[in-house]
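Participant: Next comes the sequence, and after it the predicted model I'd like to discuss.
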There are 2 protein chains.
Amino acid sequence: MNTSETPSFERHDHERCIHSTVGRVAAACAERGLQLTPVRKRVLELLLDQHKALGAYELLDALRADGLGSQPPAVYRALEFLVGNGFAHKIERLNAFVACCIDETQHSPAFLICRGCNAIAEAESDGLKTAIEDTASACGFVVEQRVVEIEGLCPQCAIAQ
Amino acid sequence: MNTSETPSFERHDHERCIHSTVGRVAAACAERGLQLTPVRKRVLELLLDQHKALGAYELLDALRADGLGSQPPAVYRALEFLVGNGFAHKIERLNAFVACCIDETQHSPAFLICRGCNAIAEAESDGLKTAIEDTASACGFVVEQRVVEIEGLCPQCAIAQ
DNA sequence: AATAGAACGATATACTATACCGCACCTATG
DNA sequence: CATAGGTGCGGTATAGTATATCGTTCTATT
């Protein structure tokens, strides 16, 4: 099965992770005529700071500290932009948001959520997509959106427990 | 692939659907020493009324009408009981709840959510479970809970569109 | 410079969920 | 019988998440 995931659970050069993602998003915006405004960029950076999900109000607190907005609509508008354009994802189970680290427009990955360290990895798996498509088509259902959120323990936390 | 789903998208004897589920839950409670109190039973019935997800406050309005409770904790306590014991499920994507129509304790099905008619079907698929397990184990992740919610169109609504 | 659309600030409100306290009831046990 | 522990529930209050709306400002383009 063809499976790939973000390196959230492994030691990696996270500075590079951040810079390459911000650069990629900036380029995508330029190309697609989208505005990566200061608020939007800052929210993306906040989400990228760790591979963890942040709630809208945590982001809002950080925006306030930066003088970039003080009311809920500010952060929700930025999140709408980021999620709508595939630069971030909402984790339904947590009512929280993560930056997207995969260079692929409008994909719909599975998320691995570690309950130990709260890290989140994004996994793209052909086998999983196929299984969902098969499950749906078995009863004549036409798939439009998928939410796949898997909770458990990442390798490090599994050992520690 | 072994796949089975609830008949939510098909014409079926829904009265029978309701009665058999209420009976099954009552039996399970008796067997496991759980109390199917009036509030809990009523919430289950409300959820069973249609194969659709209901929000906590919709349920609360109905409970009020029946004189069975008037404040949020009443309905959330009932939902905690039903979900905790596998008699109902929370649909994370909708922040809403559905009755469980599958006779299997503590399972973790996929949900098919029709955006046309709002019906929800529960699908048990071995292939899907395997794919999730494979995706997770590919990066050493230990699965504890799964959320799989598939949005799209049921057979009838797909034709109508 | 004029204009149209996008983004933003600000206020208000809606929707979802939980913490906490005290009472009533049951029943197990001394 | 007394009482202690557990469970469920009513009620108050509050926490947490999200959106509607309106008027202004910014930006790209004419």
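Facilitator: Happy to help now that I have it.

Participant: what does the lowest-mean-pLDDT helix or strand in chain A rub up against?
Facilitator: When the helices and strands of chain A are scored by mean pLDDT, DSSP states H and E, strand A:3-5 comes last with a mean of 78. Contact with strand A:3-5 is made by A:112, A:121-128, B:134-135, B:138-139, as judged by CB atoms under 8 Å, 6 or more residues apart in numbering or on different chains. In short, each C-beta sits where N, CA and C put it, glycine included.

Participant: is whatever helix or strand comes next after that strand anywhere near DNA strand D?
Facilitator: Following strand A:3-5 in sequence order, the next helix or strand is helix A:14-32 (DSSP states H and E). No - judged by CB under 7 Å from any atom of the strand, helix A:14-32 makes no contact with DNA strand D; its nearest approach is 10.3 Å.

Participant: Please name every helix or strand in contact with helix A:14-32.
Facilitator: helix A:38-48 (3 or more CB pairs under 8 Å, 6 or more residues apart in numbering or on different chains; DSSP states H and E).

Participant: Which other helices and strands does the helix it packs on contact?
Facilitator: helix A:14-32, helix A:56-65, helix A:72-84, strand A:88-91, strand A:96-99.

Participant: What residues sit buried inside the third one?
Facilitator: By 16 or more other CB atoms under 10 Å in any protein chain shown, the buried positions in helix A:72-84 come out as A:74, A:75, A:78, A:79, A:81, A:82.

Participant: who's in contact with residue A:77?
Facilitator: Counted by CB under 8 Å, 6+ apart, residue A:77 has contacts residue A:39.

Participant: Tell me how far it lies from residue A:84.
Facilitator: 10 Å (CB to CB, to the nearest Å).

Participant: picking that back up, need the buried residues of helix A:72-84 in CSV (columns: distance to chain B).
Facilitator: Output for the buried residues of helix A:72-84, formatted as CSV (distance: CB to the nearest CB, whole Å):
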residue, distance to chain B
A:74, 23
A:75, 19
A:78, 21
A:79, 16
A:81, 20
A:82, 18
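
Participant: For the top strand by length along chain A, give me every contacting residue.
Facilitator: What stands out as the longest strand in chain A, according to DSSP state E, is strand A:142-153. Outside strand A:142-153, the residues that touch it by CB under 8 Å, 6+ apart are A:91-93, A:108-116, A:128-129, A:132-133, A:136, A:158, A:161, B:92-93, B:115, B:132, B:135-136, B:141-153, B:158.

Participant: do stretch A:44-55 as well
Facilitator: With CB under 8 Å, 6+ apart as the criterion, stretch A:44-55 contacts A:6, A:8, A:17-18, A:21-22, A:25, A:36, A:59, A:62, A:82, A:87-88, A:91, A:94-99, A:101, A:113, A:118-121.

Participant: Which members of these are classed as buried?
Facilitator: Buried subset of the contacts of stretch A:44-55 (neighbour count, 16+ other CB under 10 Å): A:6, A:8, A:17-18, A:21-22, A:25, A:36, A:59, A:62, A:82, A:87-88, A:91, A:94, A:96-99, A:101, A:113, A:119-121.

Participant: if we can go back for a sec, quick one: which of the contacts of strand A:3-5 is most hemmed in?
Facilitator: Counting neighbours by other CB atoms under 10 Å in any protein chain shown, the top entry in those is residue A:112, with 29 neighbours.

Participant: Residue B:144 versus that one, what's the distance?
Facilitator: Taking CB to CB, one finds residue A:112 at 11 Å from residue B:144.

Participant: now do residue A:100
Facilitator: 24 Å.

Participant: what's the answer for residue A:17, then?
Facilitator: Residue A:17 is 26 Å from residue B:144, by CB to CB.

Participant: Could you verify my assumption that residue A:29 touches residue A:23?
Facilitator: No - taking contacts as CB atoms under 8 Å, residue A:29 lies outside contact range of residue A:23: 10.8 Å.

Participant: The two: who's more crowded?
Facilitator: residue A:29 (18 against 10).

Participant: what residues are up against the more buried one?
Facilitator: A:35, A:36, A:85.

Participant: For residue A:34, which non-adjacent residue is spatially closest?
Facilitator: Among residues not flanking residue A:34 along the chain, residue A:85 sits closest, at 6.3 Å (CB to CB, 6 or more residues apart in numbering or on different chains).

Participant: Surely that neighbour and residue A:33 touch.
Facilitator: No - counting by CB under 8 Å, residue A:85 does not reach residue A:33; the two are 11.2 Å apart.
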